[in-house]
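Enquirer: Could you work out the structure for the sequence below:
(2 chains, ligands or ions: 2)
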Amino acid sequence: MPVIVNPDKCTGCETCPASCPFDAIELKDGKAYINEYCNACMTCLSVCPEGAITDTGTGEQSTEQKQKLEDYRDVLVFAEQKDGKVVSVSYELLGAGKRLADELGAKLLAVLLGAGEPEARELIKWGADKVIVCSDPALEKFNDDMYSEMLARVINNHKPAIVLAGATPVGRSFIPRVAAKLRTGLTADCTSLEIDKETKHLLQVRPAFGGNIMATILCPNYRPQMATVRPRVMKKGEYNTAGSGEVVEVGLENIKSRTKVLEFVKEVSEVSVNLHEADIIVAGGRGIGGDKGYKMLQELAEALGGAVGASRAAVDEGWIPYSHQVGQTGKTVNPKIYIACGISGAVQHLVGMQSADIIVAINKNPEAPIFNVATYGIVGDLFEIVPLLTRKIREVKNI
Amino acid sequence: MNIIVCIKQVPDTAEIRINPETNTLMREGVPSIINPFDLHAIEAAIQIREQMGGRVTVLTMGPPQAETSLREAVSMGADDAVLLSDRAFAGSDTWATSYTLAQAIRKLGADIVFCGKQAIDGDTAQVGPETAEFLDIPHISYIRKIEEVNENYIRVERLMDEGYDIVESSLPVLLTVVRELNTPRLPSLKGKMAAKKAEIKKLGMADIGADENNLGLKGSPTQVKNIFAPEVKAERKMIEGSPEEQVDNLIKELKEIKCL
Ligand SMILES: Cc1cc2nc3c(=O)[nH]c(=O)nc-3n(C[C@H](O)[C@H](O)[C@H](O)COP(=O)(O)OP(=O)(O)OC[C@H]3O[C@@H](n4cnc5c(N)ncnc54)[C@H](O)[C@@H]3O)c2cc1C
Ligand SMILES: Nc1ncnc2c1ncn2[C@@H]1O[C@H](COP(=O)(O)O)[C@@H](O)[C@H]1O
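Expert: Numbering: from 1, shown residues only, chains lettered A, B, ... in the order given. Ligands and ions are numbered 1, 2, ... in the order given. Alright, predicted model coming up:
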């Protein structure tokens, strides 16, 4: 077991079983017993009043292993493109990657698949020291088999210590294959990436249990350390038109695919783009009561020049289309102002919006958890508040 | 058609709360459920079997109590249930979990493997694609519709950011599914009877020919260093008064910080 109980110290006080998110602690013969459901999350260590629970560690690294780790140096960003244009999360990753590379005294590399030299030059202006490009038209459309094989080859050739990719449908689909091929760890949806000052390992923070807790993940014994990051979580770096760097073209040799994309059917471009780009989001939950409430929000959003978001409850009711959903199973947004109307503030919703600069909560229940994250809270009936707000904002803005 | 559905028993995260004093999870009384996305995977598998014949096997890696979830899947209509359980599996991250599942799947044999898009406890969405890589078969993520399937070919719709891709693949293939795919059926009376009697096949490390170095915490490249409660913003300001006053004050505040 990754975690062990010292039977001499354990008093059988039953504090730890309830703390275990995995139901992995039972009481056997009056002592705590860790069963095979243990996920090594280490929650119980701090809970035990007797200090009877300790982790067993994963053993010392052999010198040979350490040397292998040291072969891995740079930071590599997978630059995703769509229709030949690099998507914005890639620039955000370059911003984060640059910071990490500087701290490590290493280079920042980027991989670009299915686009050409001009886009590669853009990546350099955003901070990359070197861009590895494969402009083969076969890679224009996303393909799991080919992308994962190509990226794995580039990683094997360049041996980066850290690999970052966007937690987009593309990244989330093929990056795990790369990690499996390379026998290394992958941490999904990181919200913070830092270098440990002492060990130089990457500290990867991510939400778990629907955002109820945050976990710091390490990948100490394998390289590269791989992480995905959702769009709009990291900030773009500086754009420097004079930035210089190297572009290296690589070929697509002997790579086959077992799947094929026949067609892409565009459905809901405008709103989803809007939600990601909008500085102001007006979001509605079950409290908006129906289509009429939705119209009210649209008017407020329009007056503010913003977009409309939704909780899952409002989506499930069929009042607002899914593409507007914010949260764990929807989008992550990062606007300047987020106005939550009739949203209770379930953790699954909060994980998608709590990084907004200003959060305004309008809710008739003063106990609603949304007020815990709000910058400004208004207890009241949204059917009164929202139209008033719309009217007054129009007055202020003279529209 | 042999179909394997990978299901995970998870705590219902919607019910989990944090104890604000000790900063720990309050797990007590939180029900264990089949990962919601996996219910859609089970439904999809059963529909294919109804159309083409064959068998649906549900597979889970977890502790003995995960048997409850397997029986629930049988009550929905799965034919066979396999529990992968061994103390050597404890502490598996997605890499080790995928390796273990793949070892079992290879042994059981499958034309199609279904997974949920993600598990709600970890939300990684990594186990599906990693398992496919270990099996050396293709995978397609976020399936929202199955357009055509036969003995050696499948065509599906894959949900993307601004629409969907129509993707085809040869079989065997691994598919991860989203909620839009279908509505999971409720257990029938007959299903419930079957579930009670169903024999749960149990497999351990030796049965799947696994390399111990790839299992559990030892085989997992990632480690949890620590966990902590998410930060809560402290500077909250409640705006009181009549609706009129509240709105005026809000606008004043927003103007002051130059947000309007
Ligand atoms: C696996 C999983 C994933 C999930 N993913 C997401 C996700 O991505 N996004 C998401 O949002 N949710 C998600 N959820 C659901 C989440 O747990 C909540 O159920 C949901 O967010 C609740 O939505 P709500 O706040 O609109 O509704 P409720 O919780 O019903 O809250 C409605 C609120 O409106 C207030 N109200 C009612 N009438 C008025 C009025 N006239 N004026 C002012 N206030 C009023 C009420 O006081 C209440 O606080 C997920 C759940 C699970 C299990
Ligand atoms: N322990 C497990 N046993 C069986 N299937 C699993 C297990 N963990 C994950 N899965 C499958 O992989 C999917 C994605 O899980 P995850 O990568 O943890 O988000 C789930 O929906 C399941 O189908």
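
Enquirer: I'd like to know the predicted local confidence at residue A:68, please.
Expert: Turning to residue A:68, the model gives it a pLDDT of 83.

Enquirer: isn't it right next to residue A:223, touching?
Expert: Yes. Assessed by Cβ atoms under 8 Å, residue A:68 is found in contact with residue A:223 at 7.4 Å. Where C-beta positions appear, they are placed from N, C-alpha and C, glycine not excepted.

Enquirer: Looking at the two, which one has more neighbours?
Expert: residue A:223 (24 against 15; other Cβ atoms under 10 Å in any protein chain shown).

Enquirer: Which of the three states applies to the residue nearest to that one when sequence neighbours are not counted?
Expert: Sequence neighbours aside, residue A:72 is the residue nearest to residue A:223 in space, at 3.9 Å (criterion: Cβ to Cβ, 6 or more residues apart in numbering or on different chains). The three-state label for residue A:72, taken from DSSP: H, G, I helix; E, B strand; the rest coil, comes out as coil.

Enquirer: I figured residue A:72 was touching residue A:161, is that so?
Expert: Yes. Because the distance of 4.2 Å satisfies Cβ under 8 Å, residue A:72 is recorded as touching residue A:161.

Enquirer: Is any residue of whichever strand in chain B runs longest near chain A?
Expert: Assignment by DSSP state E gives strand B:139-150 as the longest strand of chain B. Yes. If you take Cβ under 8 Å from any Cβ of the partner chain as the test, strand B:139-150 does meet chain A, through B:139-142.

Enquirer: what pairs with that strand, and is each one parallel or antiparallel?
Expert: With DSSP bridges as the test, strand B:139-150 is paired with strand B:153-160 (antiparallel), strand B:173-177 (parallel).

Enquirer: Highest mean neighbour count out of these?
Expert: Sort these by mean neighbour count, taking mean count of other Cβ atoms under 10 Å in any protein chain shown, and strand B:173-177 sits at the top with a mean of 27.

Enquirer: Other residues contacting that one?
Expert: A:258-259, B:37, B:40-41, B:44, B:112-118, B:125, B:128-129, B:131-132, B:135, B:137-144, B:154, B:156 (Cβ atoms under 8 Å, 6 or more residues apart in numbering or on different chains).

Enquirer: Does that strand reach ligand 2?
Expert: No. Using Cβ under 6 Å from any ligand atom, we find that strand B:173-177 stays clear of ligand 2, coming within 6.6 Å at best.

Enquirer: Using CSV, write out every CA atom in that strand.
Expert: Provided in CSV are the C-alpha atoms of strand B:173-177 (Å, rounded to 0.1, in the frame of the first residue of the first chain):
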residue,chain,number,x,y,z
VAL,B,173,-11.5,0.6,-31.8
LEU,B,174,-11.9,2.4,-28.4
LEU,B,175,-14.6,5.0,-28.1
THR,B,176,-15.1,7.6,-25.4
VAL,B,177,-18.7,8.9,-25.1
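
Enquirer: tell me the mean pLDDT for that strand?
Expert: Strand B:173-177 comes out at a mean pLDDT of 98.

Enquirer: same check, this time on stretch A:225-244
Expert: pLDDT averaged over stretch A:225-244 gives 90.

Enquirer: measure it end to end?
Expert: 27 Å (Cα to Cα, to the nearest Å).

Enquirer: Stretch A:220-227 now?
Expert: One end of stretch A:220-227 sits 13 Å from the other (Cα to Cα).

Enquirer: ok so, going back, what's the overlap in contacts for residue A:72 and residue A:161?
Expert: A:223-224.

Enquirer: Which one's more surrounded, those two?
Expert: residue A:161 (23 against 20).

Enquirer: Does whichever residue of the stretch 101-250 of chain B sits closest to ligand 1 fall in a helix, a strand, or a coil region?
Expert: Closest to ligand 1 within the stretch 101-250 of chain B is residue B:120: 4.1 Å, counting by Cβ to the nearest ligand atom. Look at residue B:120: counting by three-state DSSP, its state is coil.

Enquirer: One more: residue B:106?
Expert: helix.

Enquirer: ok, now which ones touch the residue of the stretch 101-250 of chain B closest to ligand 1?
Expert: By Cβ under 8 Å, 6+ apart, the residues touching residue B:120 are A:210, B:10, B:13, B:35-37.

Enquirer: mind checking how far the residue lying closest to it once chain neighbours are set aside is from residue B:118?
Expert: Leaving out its chain neighbours, the residue that sits closest to residue B:120 by Cβ to Cβ, 6+ apart is residue B:13, at 5.0 Å. Here residue B:13 is placed at a distance of 12 Å from residue B:118 (Cβ to Cβ, to the nearest Å).

Enquirer: Show the overlap between the contacts of residue B:120 and what lies near ligand 2.
Expert: B:35, B:37.

Enquirer: Mark which of the contacts of residue B:120 are part of helices, please.
Expert: Members of the contacts of residue B:120 lying in helices (criterion: DSSP state H): B:36-37.

Enquirer: buried subset of the contacts of residue B:120?
Expert: Neighbour-count burial (16 or more other Cβ atoms under 10 Å in any protein chain shown) is assigned, among the contacts of residue B:120, to A:210, B:10, B:13, B:35-37.

Enquirer: picking that back up, quick one: which of the strands paired with strand B:139-150 is nearest residue A:384?
Expert: Closest of the strands paired with strand B:139-150 to residue A:384 is strand B:153-160, at 38.2 Å (criterion: Cβ to Cβ).

Enquirer: just the angle between the helix or strand following that closest one and strand B:173-177, please?
Expert: Sequence-wise, the next helix or strand downstream of strand B:153-160 (DSSP states H and E) is strand B:163-170. Between strand B:163-170 and strand B:173-177, the angle comes out at 160 degrees (axes from the mean of the first three to the mean of the last three Cα atoms, to 10 degrees).

Enquirer: who's in contact with strand B:163-170?
Expert: Outside strand B:163-170, the residues that reach it (Cβ under 8 Å, 6+ apart) are A:142, A:258-269, B:138, B:140, B:144-145, B:147, B:152-158.

Enquirer: hang on, isn't residue A:127 packed against residue A:100?
Expert: No. With contact defined as Cβ under 8 Å, residue A:127 does not count as touching residue A:100 (11.2 Å).

Enquirer: quick one, which of the two is more surrounded?
Expert: With neighbours defined as other Cβ under 10 Å, residue A:127 and residue A:100 compare such that residue A:127 has more, 26 against 20.

Enquirer: That'll do, ta.
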